[in-house]
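A.B. asks: starting from these lines, generate the structure:
(one chain, ligands or ions: 2)
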Amino acid sequence: MPAELTVIVLAAGGGTRMKSKTVKVLHEVGGRSMVGHVLAAVGELEPQRIVAVVGHQREQVAPHIQSLAPDAVLAVQETQEGTGHAVRIAVEAAGVTTGTVLVATGDTPLLRGASLRAFVAEHEAAQRAVSILSGEVPDPHGYGRIVRDEQGEVVAIVEEKDATPEQRELREISSGILAFDGDFLAGALPRISNDNAKGEYYLTDAVQLAQDDGLTVGAYPIEDVTETEGANDRAQLAELGRILNARIVTQWMRDGVTVMDPATTWIDADVVLEQDVTVLPGTQLLGATVVAEDAVVGPDTTLKDCEIGSGARVVRTHGELAVVGAGADVGPFSYLRPGTRLGAGGKIGAFVETKNAVIGEGSKVPHLSYVGDAQIGRGSNIGAGTIFANYDGIAKHRTTVGDGARTGSNNTFIAPVSIGDGAMTGGGTVVREDVPAGALAVSAGAQRNLEGHAARRAASRAETDGERHADPGVGQPAPGGTQSR
Ligand code: UD1
Ligand code: CA
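C.D. replies: Ligands and ions are numbered 1, 2, ... in the order given. Now for the predicted structure:
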């Protein structure tokens, strides 16, 4: 029977090296805040209690943590007097005196739940007062060093600023993640002093106190030390993001997704991909995007919070909060804005922008169109260059198009307006009034052909040119035409 588990997440620091309006733990990698990653990892342990210590910008940090871990207890640390001080406040806020207490920091986005679980299990099996999640690093600068005696037993953690030159050579470091026996911790915290180089209450001094009490202390080396790396500045944040992405992309490939170019593919932590999805180069799948079986996404596509149906193809597209049905076709160069829902087997083609647009099964908007605030039925085809004019300068209005409608090229639908089932419109139609089912709407006046116009024009020009003895070879454009120079 595992002991009752309390997890304390330290998130009170400001993170000055980020040089940011946003506090460090709220900076994002892989589509989640750093503290969001930590909360996800500790959540895998199903602890009885999570206590988050907040301080800097707590008006943003506290609600963020509450949205991700609604049951978490928030402990406020008004002034940051060290990790020992922070944990004391957490223990007081939660009233913890028994079980196992795991202390994690809010800025280690690569930490895995499985590693924490193994660490806690080992700590409990060894019945230690304190366990340190440790690691060997090539450059130990800035870390607390683990000091061992001749028998190899851990005796203390010495912080960088307090270390002797020999201790600074030690490459075994404390990750800052510690597990405690709750009874011992509650008794030790008030005994920690701030008599050190930084004038802070070091949580790591608990190791020495346990030693003094004749209790067991030990270090558990983590398999992959990068998991405990924190990001202190934006360069480190980007590096952790790259590592996290490589991990996520590799995992999806192992789960049956084809990724042609992992180096240019970015997949957020919360994205879900089904088997036999293909992701082509230069693609970002962000937020809560879900891509179903056999769909092909990319190249050069960004999808945020989108749902792509099985077997759909989405090529060179930018999409947000859009749903693409099974077997549908999108792109190249499509812009799917929030509220777009394309039915199964439908099409949104090149240079088409859609917003709040429900496009039914098998319906197509193939070329150069804007579809805003619209409802299109099944099996309809919208002609090239159609604008759903949804805004009259004051309010937005909706357009509805029925099933099996065929609208001509270069139409404008002035909302609110509706086009009935099976209706048609001529090229260049401006639809201002509803088109009944089965009707053909045309809005242009009857075409007039002025016979003999070209010859008359040539004759009149010859006359003027003769008067001005100008170069007769250069033509003038026809009315309404274009001229290239
Ligand atoms: C700490 C450890 C060090 C370890 C290193 C790993 C101590 C004394 N030192 O050093 O052994 O190698 O982490 O990165 O614990 N925090 C608070 N309130 C405070 C102080 C800190 O919430 O009053 C939070 C910070 O926001 C941060 C974490 O605790 O998330 C660690 O604090 P930091 O000051 O960065 O400690 P380090 O000097 O890195
Ligand atoms: Ca740190």
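
A.B. asks: write out the residues of this protein neighbouring ligand 1.
C.D. replies: 10, 12-13, 53, 77, 80-83, 85-86, 105-107, 143-144, 157, 159, 173-176, 202-204, 230 (CB under 6 Å from any ligand atom). From N, CA and C alone the C-beta is placed, and that goes for glycine too.

A.B. asks: so how far is Q77 from E92?
C.D. replies: Using CB to CB, to the nearest Å, we find E92 at a distance of 11 Å from Q77.

A.B. asks: who's Q375 bridged to?
C.D. replies: Note on Q375: beta-bridge partners by DSSP bridges are V358, T400.

A.B. asks: does it really touch A405, like I thought?
C.D. replies: No - using CB atoms under 8 Å, Q375 is not in contact with A405, being 11.7 Å away.

A.B. asks: with neighbour numbers in mind, choose between these two.
C.D. replies: Taking neighbours as other CB atoms under 10 Å, Q375 and A405 compare with A405 leading, 25 against 16.

A.B. asks: run a quick neighbour tally on D261.
C.D. replies: 14.

A.B. asks: before we move on, what about the one 4 residues further on?
C.D. replies: Residues lying near T265 (other CB under 10 Å) number 25.

A.B. asks: verify the stated contact: it with V277.
C.D. replies: No - between T265 and V277 there is no contact under CB under 8 Å: 11.5 Å.

A.B. asks: okay, and which of the residues of the chain next to ligand 1 map to strands?
C.D. replies: The strands, defined by DSSP state E, take in L10, V53, T105, G144, I157, I173, S174, S175, G176 from these.

A.B. asks: can you tell me the closest non-neighbouring residue to the fifth one?
C.D. replies: Take I157 and drop its neighbours on the chain: the residue closest to it by CB to CB, 6 or more residues apart in numbering is T204, 3.8 Å away.

A.B. asks: try the last one
C.D. replies: Distance criterion CB to CB, 6+ apart; nearest residue to G176, sequence neighbours excluded, is T105 at 5.2 Å.

A.B. asks: now the residue in the stretch 301-450 of the chain that ligand 1 sits nearest to. Its backbone dihedrals?
C.D. replies: For the stretch 301-450 of the chain, the residue closest to ligand 1 is K304, as judged by CB to the nearest ligand atom, at 28.5 Å. Backbone torsions of K304, given as degrees, to the nearest 10, read phi -120, psi 130.

A.B. asks: hmm, back to that, shared neighbours of E92 and Q77, which are they?
C.D. replies: Counting by CB atoms under 8 Å, 6 or more residues apart in numbering, E92 and Q77 have no common neighbour.

A.B. asks: higher neighbour count, these two?
C.D. replies: Q77 (23 against 13).

A.B. asks: my guess is that one meets A52, correct?
C.D. replies: No - taking contacts as CB under 8 Å, Q77 lies outside contact range of A52: 10.4 Å.

A.B. asks: ok, which pair from the ones in strands among the residues of the chain next to ligand 1 is furthest apart?
C.D. replies: V53 and I173 (22.2 Å; CB to CB).

A.B. asks: which one's more surrounded, the two?
C.D. replies: V53 (29 against 24).

A.B. asks: show me what contacts that one?
C.D. replies: Applying CB under 8 Å, 6+ apart, the residues contacting V53 are I8, V9, L10, A11, A12, A75, V76, Q77, A86, V87, I89, A90.

A.B. asks: quick one: the helices in the protein?
C.D. replies: Remark: helices assigned in the chain by DSSP state H are 34-43, 58-68, 83-94, 113-125, 165-168, 182-188, 205-212, 234-254, 453-468.

A.B. asks: okay, those helices in CSV with mean pLDDT and distance to K364 next?
C.D. replies: As requested, the helices of the chain are exported to CSV (pLDDT from 0 to 100; distance: least, CB to CB, whole Å):
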stretch, mean pLDDT, distance to K364
helix 34-43, 98, 40
helix 58-68, 98, 40
helix 83-94, 97, 58
helix 113-125, 98, 45
helix 165-168, 96, 68
helix 182-188, 97, 64
helix 205-212, 96, 67
helix 234-254, 97, 31
helix 453-468, 90, 38
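
A.B. asks: pick the most deeply packed of the ones you listed.
C.D. replies: helix 34-43 (a mean of 24; mean count of other CB atoms under 10 Å).

A.B. asks: quick one: distance of that helix to the chain centre.
C.D. replies: With CA atoms, centre = their mean, to the nearest Å as the basis, helix 34-43 stands 15 Å off its chain's centre.

A.B. asks: who does it touch, helix- and strand-wise?
C.D. replies: If contacts are counted by 3 or more CB pairs under 8 Å, 6 or more residues apart in numbering; DSSP states H and E, helix 34-43 sits against strand 5-11, strand 28-29, strand 49-54, helix 58-68, strand 100-105, helix 113-125.

A.B. asks: closest one to V35 among those?
C.D. replies: Distance to V35, taken as CB to CB, is lowest for strand 5-11 among these, at 5.3 Å.

A.B. asks: and the angle from that closest one to helix 113-125?
C.D. replies: 130 degrees (axes from the mean of the first three to the mean of the last three CA atoms, to 10 degrees).

A.B. asks: pull up the pairing partners for strand 5-11, direction included.
C.D. replies: strand 49-54 (parallel), strand 100-105 (parallel).

A.B. asks: indicate which one of the ones you listed is closest to I394.
C.D. replies: strand 49-54 (44.3 Å).

A.B. asks: angle of that closest one against helix 58-68?
C.D. replies: 160 degrees.

A.B. asks: quick one: contacts for the nearest residue to L203 once chain neighbours are set aside?
C.D. replies: Leaving aside its sequence neighbours, L203 sits nearest to T83 (CB to CB, 6+ apart; 3.8 Å). Contacts for T83 were tallied using CB under 8 Å, 6+ apart; they are L10, V103, G176, E200, Y201, Y202, L203, T204.

A.B. asks: can you pull out the low-pLDDT segments for the protein?
C.D. replies: 1, 469-485 (pLDDT under 70).

A.B. asks: at 90 instead, please
C.D. replies: Along the chain, segments meeting pLDDT under 90 span 1-3, 14-15, 96-97, 444-447, 464-485.

A.B. asks: locate the residue of it with the greatest distance from its centre.
C.D. replies: For the chain, the residue at maximal distance from the C-alpha centroid (CA atoms, centre = their mean) is E467, at 71.2 Å.

A.B. asks: from R457, how far off is that residue?
C.D. replies: 16 Å.

A.B. asks: go on, V29?
C.D. replies: 67 Å.

A.B. asks: OK, contacts around the spatially closest residue to A439 that is not a sequence neighbour?
C.D. replies: Nearest residue to A439 in three dimensions, chain neighbours excluded: A423, at 5.2 Å (CB to CB, 6+ apart). Each residue near A423 by CB under 8 Å, 6+ apart is listed here: G402, A405, R406, T407, V435, P436, A437, G438, A439, L440, A441.

A.B. asks: among these, which are in strands?
C.D. replies: Per DSSP E, those map to strands at L440, A441.

A.B. asks: which residue, neighbours along the chain excluded, lies closest to T228?
C.D. replies: Nearest to T228 is S175, by CB to CB, 6+ apart, at 3.5 Å.

A.B. asks: what's the neighbour count on the one you found?
C.D. replies: Count around S175 with other CB under 10 Å applied: 27.

A.B. asks: hang on, it packs against S134?
C.D. replies: Yes - assessed by CB under 8 Å, S175 is found in contact with S134 at 6.4 Å.
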